[in-house]
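K.L.:
Whatever this is, show me its structure:
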Amino acid sequence: MVRQIGGVLLTSLTVLFLCAADVRAADAPATASAPDKAPQLERTTFDHLTTGFELVGQHRDLPCESCHYNAVFQGTPRDCATCHGVGSQVHATGKPITHILTSNRCENCHTPVAFSPAVNFDHAEVRGSCSSCHNNVQAQGKGPTHIETTLECDACHSTIGWAGAMFNHSGIISGCASCHNGISASGLPSTHIPTAGAACELCHIPTQYSSFAGAMMNHPAVTPPMPCADCHEAGKSFLGVAIVTRPPTPHPMSGDCGSCHLSTVSFSSGTLQPAGHIPTSQPCTLCHSNPADFSVYQMLHDGISSGCATCHAAGLSFASMAPPVLVEPPSNHIAFASAACESCHAASNFTTFVISNKSPPMNHVAVASLSCASWSSRRTTCRLEPQPVPIATRPRTSPAS
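P.N.:
Purely as a prediction, here's the structure:
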């Protein structure tokens, strides 16, 4: 290629030589008497901006031939990758093997001043996943307090910055506490109801990610090992929970709720008898008409037709019920061996008898195991409700045998 400079035709090779060597083009200093000599030509006299490609940064100080290969000026590529790519004739510095996977548009991140640092990093030019770079080797990765996750960074973070992440809970239905521990993410407030280490999702809705509100108390998740009183003791209160606490007297002021109450839905149902309660399988309401005060009762024998001695045998006593309130055989009761009370007495009370057409209404069949002499060997008076009963004893005139 031939170029004209100051009326002189020069080949591209000559121009390249003059530019790169920064020397004069004449054998001797130019004078007015030698108009046929080539004009003085220096590299600094050429304004590269006239080509539309300004030389800045590292490009500014390079020899011309570094870019204009084989003295070819026209058509010199202007994009970085053609010179800085693999297999380029220019042999400019290319990507190192440790470079992250990106497009070939170097200029979107780097400047001609220096490759490092990449001051205008453009994530749009990156190929591959976030973690392929953000692994704490090539670029900043997860810190020691980052929540446990296998999700890619862009599931929560944007390319603008790490802060302001919006966690994507999609597909997460368990293990809430691994993040919600008060360090990585919000945890239990100090006024939270005791949980005994139970998982959040056992009460809170695991698919309701915007709020912890709307939880349903799950008693089996915390009892055992927690005693009921840890939450239901008098004077306790917790965040967002309406707690039924131990009522005042006459309710017992000690002991765990579970000793009497079986239901975790309502304290008014599913109740157990307290220790020492009179034996019964009857419903509580048969005798206790006031569910707020079980110390008020009326003993009713409805539905009881046998087993009187279970409660009325001599020497027994029960909670809030002991002799003389609890009727037991008097010390002078007629001998009855192991016969059941109801063999002679009516099941509803001890003043009505099974055999009512006899006086006294004694049922000898029930005590057939006893010898007659065990209670008739002498004249005595035995108590047989409602009045003492005279017993016919062996006459004194009878033979001693």
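K.L.:
care to break this structure down by domain?
P.N.:
Domain assignment for the chain by automatic domain parsing gives 1-25+37-76, 329-401.
K.L.:
Which one of those has the poorest average confidence?
P.N.:
Lowest mean pLDDT within those: domain 1-25+37-76, a mean of 64.
K.L.:
which ones are touching the closest residue to residue 104 other than its chain neighbours?
P.N.:
If the residues on either side of it in the chain are set aside, residue 104 comes closest to residue 81, at 3.7 Å by CB to CB, 6 or more residues apart in numbering. Quick note: C-beta positions are derived from backbone N, CA and C, even for glycine. By CB atoms under 8 Å, 6 or more residues apart in numbering, the contact set of residue 81 is 104-106.
K.L.:
which one of these is nearest residue 215?
P.N.:
residue 105 (51.6 Å; CB to CB).
K.L.:
burial measure for that closest one, as a count.
P.N.:
14 (other CB atoms under 10 Å).
K.L.:
So the residue nearest to residue 104, which state does it fall into?
P.N.:
Classification of residue 81 by DSSP: H, G, I helix; E, B strand; the rest coil places it in helix.
K.L.:
Quickly note the distance from it to residue 107.
P.N.:
Note on residue 81: its distance to residue 107, by CB to CB, to the nearest Å, is 9 Å.
K.L.:
how about the strands in this protein?
P.N.:
Assigned by DSSP state E, the strands in the chain fall at 2-5, 8-11, 381-384, 387-390.
K.L.:
What is the burial count for residue 308?
P.N.:
Neighbour number of residue 308 under other CB under 10 Å is 19.
K.L.:
Repeat that for residue 368.
P.N.:
Neighbours of residue 368 (other CB under 10 Å): 10.
K.L.:
before we move on, what about residue 248?
P.N.:
Using other CB under 10 Å, residue 248 has 8 other residues around it.
K.L.:
follow-up on the earlier one: quickly note the distance from the residue nearest to residue 104 to residue 281.
P.N.:
On the measure of CB to CB, residue 81 and residue 281 end up 90 Å apart.
K.L.:
now do residue 196
P.N.:
Going from residue 196 to residue 281 by CB to CB gives 33 Å.
K.L.:
again with residue 369
P.N.:
To residue 281, residue 369 is 30 Å away according to CB to CB.
K.L.:
More neighbours: which of the two?
P.N.:
When residue 369 is set against residue 281 and neighbours are counted by other CB under 10 Å, the residue ahead is residue 369, at 10 against 7.
K.L.:
mind listing what the closest residue to the more buried one other than its chain neighbours touches?
P.N.:
Spatial nearest neighbour of residue 369, excluding adjacent residues (CB to CB, 6+ apart): residue 337 at 5.3 Å. Counting by CB under 8 Å, 6+ apart, residue 337 touches 367, 369-370.
K.L.:
need these in CSV with distance to residue 89, can you?
P.N.:
Converted to CSV, the contacts of residue 337 look like this (distance: CB to CB, whole Å):
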residue, distance to residue 89
367, 128
369, 126
370, 130
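K.L.:
nearest to residue 59, of the residues you listed?
P.N.:
Ranked by distance to residue 59 (CB to CB), the contacts of residue 337 are led by residue 369 at 125.4 Å.
K.L.:
What separation is there between that closest one and residue 338?
P.N.:
Where residue 338 is concerned, residue 369 sits at a distance of 8 Å (CB to CB).
K.L.:
isn't residue 141 right up against residue 152?
P.N.:
No: counting by CB atoms under 8 Å, residue 141 stays clear of residue 152, with 12.0 Å between them.
K.L.:
Need the residues touching each of these two.
P.N.:
Counting by CB under 8 Å, 6+ apart, the residues touching both residue 141 and residue 152 are residue 131.
K.L.:
which residues sit in contact with residue 121?
P.N.:
Contact analysis of residue 121 by CB under 8 Å, 6+ apart lists residue 109.
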